[in-house]
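Enquirer: my questions are about this predicted structure, shown below with the sequence.
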Amino acid sequence: MSDQPLSVSDQPLFNPAFECASREEIRATQLRLFQEQVAWACERVPWYRERLADAGLVPGDIRTHEDIRRIPFTEKDALREQYPYGLFAVPLDEVVRLHASSGTTGKPIVVGYTKDDLEEWRYCIMSMIQMAGVVAADRVQMAFGYGMFTGGFGLHYGAEGLGCMMIPAGSGNTERHIMMIEDYGTTVLVATPSYAMHICEVGEKMGYDWERSSLRVGLFGGEPCPPKLKAEIESRMHILCTDNYGLTEVMGPGVSGECLASRDHQHIVEDHFYWEVIDPDTLEVLPEGSEGELVLTPLAKKGVPLLRYRTRDLTRVTTAPCGCGRTTARMAKVRHRSDDMLIIRGTNVYPSQVEDVLNGIAGASPYYRLVVDNETGLDRLTLLLEVQPQVFTDSFTEMDAFRKLVVDKLRGALQLGVEVKLVEPGGSERFMGKAKHVEDRRA
Ligand code: DLL
């Protein structure tokens, strides 16, 4: 297929009346929808009614954006404690779909969607994938699983809604994915970036020529896409790799997505999500542009309304004009979460800091794993790093010199001694969903 990604100027807008409205209009719409959500949550969910009453509030008290700050946050624990249906705002016979996110410990988070919620979700996905240059003529191949995870069904119905040919391959069976791309003329791949990288490698091993492939856009999300991984995928698969963000609790994918003009930010679908950025320690709302934790309130969700949900994802948001013409706010790519910080012998380390170091080392692949243990009684951080074929040799001296270079760079950046073990090309685990980069073996 000869179609090239659309240029910014001829990219169609999904809902220009809102996406290009003035900031004042956007904020006014958001306030009105927020007020409706507060009223809905308090009327239908006793838990919210009590929480607001404890804060001395009734829905009518929310008159301005400043008033919103008086509403208590909702935390993940509340969703766990109310498992499965405690926060549902409609009778269960009005719920037409359930999704869940497993997390690492305890009960899953369960969310329910009414028919209207599914329509709203479809809207969010349609506007988000259109930002990435996806058009009705595209053939969209799904490599997320169709299960309780929101990625598969969420993007499926949105792409279908836009008029795309949807190819519901699902995750796994990587060789078949490549065959389908070739045979069906797939133009858009939906996957986690980790799985996209794996599909790329398997294709290369099969002798598939990505440069000649019909594929032109990747719609990637569900996990951070570090710059090095993005660059690898773009150059090896010859596609435009776009990133989209979301989380089960507030809906799933469709919260924000990359446009063609602003490659390191994602436009928030602001008629469906109210955003705030807070300091995770003081819980104060931060001024625009500061890095902090993203707090989201879905503005049209009827099944399980959420007020001021603490996502734990760290980002910064700007309302500066964007080259694509949209006036909606943009969030910087999420690289880490406030709860994925490791404390090693008193030093704070985010996996994304390690990624940034690796990014600057030629020969370091995007595949790595951090293992933390304290077998000796002292915390120890070990990096298992896969090397790229161009630096892999039989020479122990050369490999050890490379290893020492990585140790030195990490010590310089993190102020911490990290043990580094090198893994041969192709020797580390590949993931079909979200990659797991950290293993904390401490008790
Ligand atoms: O991952 C929803 C989703 C599916 C988004 C497909 C995009 C595409 P959960 O499984 O609940 O939902 O995980 C949500 O994943 O709080 C972030 O920490 C992380 N995350 C999701 N998308 C991105 C992204 C889905 N584009 C959690 N960049 C979120 C960085 C992401 N992190």
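Expert: Done, it's in. Source: prediction; values computed, not measured.

Enquirer: how about the residues of this structure near the ligand?
Expert: 101, 150-151, 221-224, 243-248, 252-253, 311, 313, 334, 337 (Cβ under 6 Å from any ligand atom). (C-beta placed from N, C-alpha, C; glycine too.)

Enquirer: cutoff 5 Å now
Expert: Remark: the part of the chain in contact with the ligand comprises 101, 150-151, 221-222, 224, 243, 245-248, 252-253, 313, 334, using Cβ under 5 Å from any ligand atom.

Enquirer: confidence-wise, which of those comes last?
Expert: Sorting these by pLDDT puts Ser101 at the bottom of the list (91).

Enquirer: now do the contacts for the closest residue to it other than its chain neighbours.
Expert: Excluding the flanking residues, the one nearest Ser101 by Cβ to Cβ, 6 or more residues apart in numbering is Thr248, at 3.8 Å. Contact partners of Thr248, counting by Cβ atoms under 8 Å, 6 or more residues apart in numbering, are 99-101, 109, 111, 149-150.

Enquirer: equivalent analysis for Tyr157, please.
Expert: With contact set as Cβ under 8 Å, 6+ apart, Tyr157 has these partners: 118, 121-122, 125.

Enquirer: ok, the residues you listed vs the ligand, which is closest?
Expert: Closest approach between the contacts of Tyr157 and the ligand, by Cβ to the nearest ligand atom: Ile125, at 9.5 Å.

Enquirer: wait, what's in contact with the closest residue to the ligand within the stretch 201-350 of the chain?
Expert: Here the stretch 201-350 of the chain gets closest to the ligand at one residue, Gly221, 2.9 Å apart by Cβ to the nearest ligand atom. For Gly221, the contacting residues are 151, 192, 243-246, 253, 257, by Cβ under 8 Å, 6+ apart.

Enquirer: export these to JSON lines and tack on neighbour count, secondary structure and distance to Ile233?
Expert: Formatted as JSON lines, the contacts of Gly221 follow (neighbours: other Cβ atoms under 10 Å; DSSP: H, G, I helix; E, B strand; the rest coil; distance: Cβ to Cβ, whole Å):
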{"residue": "Gly151", "neighbour count": "27", "secondary structure": "helix", "distance to Ile233": "17"}
{"residue": "Thr192", "neighbour count": "23", "secondary structure": "coil", "distance to Ile233": "11"}
{"residue": "Asp243", "neighbour count": "24", "secondary structure": "strand", "distance to Ile233": "11"}
{"residue": "Asn244", "neighbour count": "25", "secondary structure": "strand", "distance to Ile233": "15"}
{"residue": "Tyr245", "neighbour count": "25", "secondary structure": "strand", "distance to Ile233": "17"}
{"residue": "Gly246", "neighbour count": "28", "secondary structure": "strand", "distance to Ile233": "20"}
{"residue": "Pro253", "neighbour count": "29", "secondary structure": "strand", "distance to Ile233": "18"}
{"residue": "Gly257", "neighbour count": "26", "secondary structure": "strand", "distance to Ile233": "17"}
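
Enquirer: now the helix ranked longest in the chain: buried residues?
Expert: In terms of residue count, the longest helix belonging to the chain (DSSP state H) is helix 23-44. Judged by neighbour count using 16 or more other Cβ atoms under 10 Å, the buried positions of helix 23-44 are 26, 30-31, 33-35, 37-38, 40-42, 44.

Enquirer: next SSE after it?
Expert: The helix or strand immediately downstream of helix 23-44 is helix 46-54, counting by DSSP states H and E.

Enquirer: what helices and strands are in contact with that following helix?
Expert: When contacts are defined as 3 or more Cβ pairs under 8 Å, 6 or more residues apart in numbering; DSSP states H and E, helix 46-54 sits against helix 23-44.

Enquirer: list the beta-bridge partners for Asp313.
Expert: Under DSSP bridges, the beta-bridge partners of Asp313 are Arg337.

Enquirer: what's the neighbour count on it?
Expert: Counted by other Cβ atoms under 10 Å, the residues lying close to Asp313 total 21.

Enquirer: ditto for Gln415
Expert: The burial count for Gln415: 9, using other Cβ under 10 Å.

Enquirer: so which other helices or strands are in contact with the lowest-mean-pLDDT helix or strand in the chain?
Expert: Least confident helix or strand of the chain, by mean pLDDT, DSSP states H and E, is strand 336-337 with a mean of 91. If contacts are counted by 3+ Cβ pairs under 8 Å, 6+ apart, strand 336-337 sits against strand 309-315.

Enquirer: cutoff 10 Å now
Expert: strand 309-315, helix 351-359 (3 or more Cβ pairs under 10 Å, 6 or more residues apart in numbering; DSSP states H and E).
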